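Q: have a look at this prediction, sequence included:
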Amino acid sequence: GQNIDQPTEMTATEGAIVQINCTYQTSGFNGLFWYQQHAGEAPTFLSYNVLDGLEEKGRFSSFLSRSKGYSYLLLKELQMKDSASYLCAPGYSTLTFGKGTMLLVSP
Amino acid sequence: EPEVTQTPSHQVTQMGQEVILRCVPISNHLYFYWYRQILGQKVEFLVSFYNNEISEKSEIFDDQFSVERPDGSNFTLKIRSTKLEDSAMYFCASSEQRSPLHFGNGTRLTVT
């Protein structure tokens, strides 16, 4: 199986910046997705990296290093509504989800 | 914006019964998927479907499960002889090639 490692939980305050790291097995890899999942809801797509480097999309950015099997999701200007689980999902022949990082944003 | 729709939103069934979960993928998407998420656990891949056949399936997707695209719009997951441990949220998703998956809102299956 694919080994996807990301922190279980993180906490941050409103307005802050938080970085969620993810490492993954590199064999058969063809791109990395980040999804957001609020409790009881479906995952929603945030970002996709297929090449090394940083992809910026508003308050969210995602970085990829394929040689290191490493990605991170950067969330800026945190808002209360950003409290959710963030799922690192390397694309192999199918999209495989990690256990997710539960982010709690406090006032 | 087009979206994936799933019905029902909640299904309660007795152990041993068969259930069919229904999905309408986004109309121009060609790849279809079923995932499940047991409460408190990660989203797990079940099966992918392309060109009217299964393209990949996980160890979870055993003979108890089957998928079908009965017409041009629906994509169904059938679970035969449900077990207590089948209780989970089942998500349907669709995508274009090498593109993000778009998920439906899920069907919460409760097996009693």
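A: Perfect, thanks for sending it.
Q: what's near enough to touch residue 101?
A: Reading this off chain A. A:Thr101 makes contact with A:Gln6, A:Pro7, A:Thr8, A:Glu9, A:Met10, A:Ile20, A:Ser85, A:Tyr86, A:Cys88, according to Cβ atoms under 8 Å, 6 or more residues apart in numbering or on different chains. (Glycine included, C-beta is placed from N, CA and C.)
Q: hmm, no, I was thinking of chain B.
A: The contact partners of B:Leu101, by Cβ under 8 Å, 6+ apart, come to A:Phe33, A:Pro43, A:Phe45, A:Leu95, B:Tyr33, B:Ala93, B:Ser94, B:Ser95.
Q: how about B:Asn28?
A: By Cβ under 8 Å, 6+ apart, B:Asn28 lies in contact with B:Pro2, B:Glu96.
Q: go again with 10 Å.
A: B:Pro2, B:Ser94, B:Glu96 (Cβ atoms under 10 Å, 6 or more residues apart in numbering or on different chains).
Q: buried stuff in stretch A:6-19?
A: Residues A:Gln6, A:Met10, A:Ala12, A:Val18 are the ones in stretch A:6-19 that count as buried (16 or more other Cβ atoms under 10 Å in any protein chain shown).
Q: just how off-centre is stretch A:43-51 within its chain?
A: Remark: stretch A:43-51 is offset 8 Å from the chain centroid, using Cα atoms, centre = their mean, to the nearest Å.
Q: pull out the buried residues from that stretch.
A: Going by neighbour count (16+ other Cβ under 10 Å), the buried part of stretch A:43-51 is A:Pro43, A:Phe45, A:Leu46, A:Ser47, A:Tyr48, A:Asn49.
Q: within reach of chain B, which of those are there?
A: Restricting the buried residues of stretch A:43-51 to those near chain B by Cβ under 10 Å from any Cβ of the partner chain leaves A:Pro43, A:Phe45, A:Leu46, A:Ser47, A:Tyr48.
Q: in a markdown table: those, plus pLDDT and secondary structure.
A: Below are these laid out as a markdown table (pLDDT from 0 to 100; DSSP: H, G, I helix; E, B strand; the rest coil):
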| residue | pLDDT | secondary structure |
| --- | --- | --- |
| A:Pro43 | 95 | coil |
| A:Phe45 | 93 | strand |
| A:Leu46 | 95 | strand |
| A:Ser47 | 93 | strand |
| A:Tyr48 | 92 | strand |
